[in-house]
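1. Only the shape, not the letters, is given here:
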Ligand code: APR
Ligand code: ZN
């Protein structure tokens, strides 16, 4: 693998940072066996986002949308975090002010031990009522009832995830922006950086002088902005960084 000097530089910047932020996308879970969205075998090659991951799709056919999420939950429930998730959890122990901002809904960062997580797009293991404030974690696989009903008011429950056309949870987004604007280093791992507003967070970090590192086997719209762009898989990066942390 590449010379360790660049990893040593990244490790030093992380250790000396007052605040470090990591932004992750589906690519960090790829080596855990969870498909990405836009890669060669990505989910959006087989399903149409507008038919499944939108409030209108849910309104039109809640059963179909729930069947798709039940299928994805079935895919995810036995998957384990990989070295990429674990190194991010380890960084949280090293840096005094650390935040993980993830676009992923698979829950693998939590399983790997990350605590300071901002789940920008929600979490597939949580469901919430379309009418009242009821919300719960539900790890059932398979789901007993599709579509599930709210035990409090009887309305439909929906996956507690962000769909296309929906606003992100306000607190999560505000916190993510705040940390992106006040960190000294941001690692961007496994995202195609095309979905807003997540894709703007690294730009905000760069604009205020953060050292920007991308980990992605492919180039993305962010690559030219980064101080370092490592054409590596998340686990390869984790192995190299582990050596010098
Ligand atoms: N390690 C690191 N990166 C990888 C790996 C790997 N092993 N394998 C693939 N990648 C990269 C791909 O090159 C791609 O750039 O991960 C990225 C995955 O991109 P997407 O599939 O677009 O996933 P993501 O960026 O998380 O999508 C953002 O779009 O559909 C919505 O809400 C959904 O959160 C998702 C958002
Ligand atoms: Zn309800």
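-> Thanks, I have it. Note that the structure is predicted; figures quoted are calculated from it, not measured. Ligands and ions are numbered 1, 2, ... in the order given.
2. low pLDDT regions in the chain?
-> Along the chain, segments meeting pLDDT under 70 span 1-3.
3. tell me the domain boundaries of it?
-> Described in terms of automatic domain parsing, the domain architecture of the chain consists of the residue ranges 4-33+80-121+168-244, 40-77+129-161.
4. Can stretch 201-210 be said to contact ligand 1?
-> No. Residues of stretch 201-210 contacting ligand 1 under CB under 6 Å from any ligand atom: none, with a closest distance of 11.8 Å. Where you see a C-beta, it was placed from the backbone N, CA and C, and this is true even at glycine.
5. Pull the distance from that stretch to the chain's centre.
-> Relative to the chain's own centre, stretch 201-210 is displaced by 18 Å; criterion: CA atoms, centre = their mean, to the nearest Å.
6. which residues are contacting that stretch?
-> 21, 23, 101, 176-177, 180-186, 188, 193, 212, 214, 222, 225-226 (CB atoms under 8 Å, 6 or more residues apart in numbering).
7. Please list the residues of this structure that sit near ligand 2.
-> Counting by CB under 5 Å from the ion, the residues of the chain close to ligand 2 are 129, 131, 132, 134, 150, 152, 153, 155.
8. For residue 135, see how far away whatever residue of the chain ends up closest to ligand 1 is.
-> For the chain, the nearest residue to ligand 1 under the criterion CB to the nearest ligand atom is residue 27, separated by 2.2 Å. Look at residue 27 and residue 135: by CB to CB, to the nearest Å, they are 28 Å apart.
9. what's the answer for residue 196, then?
-> Computed with CB to CB, the distance linking residue 196 and residue 135 is 25 Å.
10. Now do the helices in this structure.
-> 4-16, 27-30, 43-46, 49-52, 55-60, 62-76, 83-94, 108-111, 170-181, 201-207, 234-244 (DSSP state H).
11. who wins for proximity to residue 142 among those helices?
-> For the helices of the chain, the distance to residue 142 is smallest for helix 62-76, at 6.2 Å, taking CB to CB.
12. follow-up on the earlier one: same list, the domains of the chain, but as CSV with mean neighbour count please.
-> Conversion of these to CSV gives the following (neighbours: other CB atoms under 10 Å):
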stretch, mean neighbour count
domain 4-33+80-121+168-244, 20
domain 40-77+129-161, 15
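13. Mind putting the helices of the chain into a markdown table with distance to residue 120?
-> Shown next, in a markdown table, are those (distance: least, CB to CB, whole Å):
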| stretch | distance to residue 120 |
| --- | --- |
| helix 4-16 | 22 |
| helix 27-30 | 14 |
| helix 43-46 | 18 |
| helix 49-52 | 17 |
| helix 55-60 | 17 |
| helix 62-76 | 18 |
| helix 83-94 | 15 |
| helix 108-111 | 12 |
| helix 170-181 | 6 |
| helix 201-207 | 9 |
| helix 234-244 | 18 |
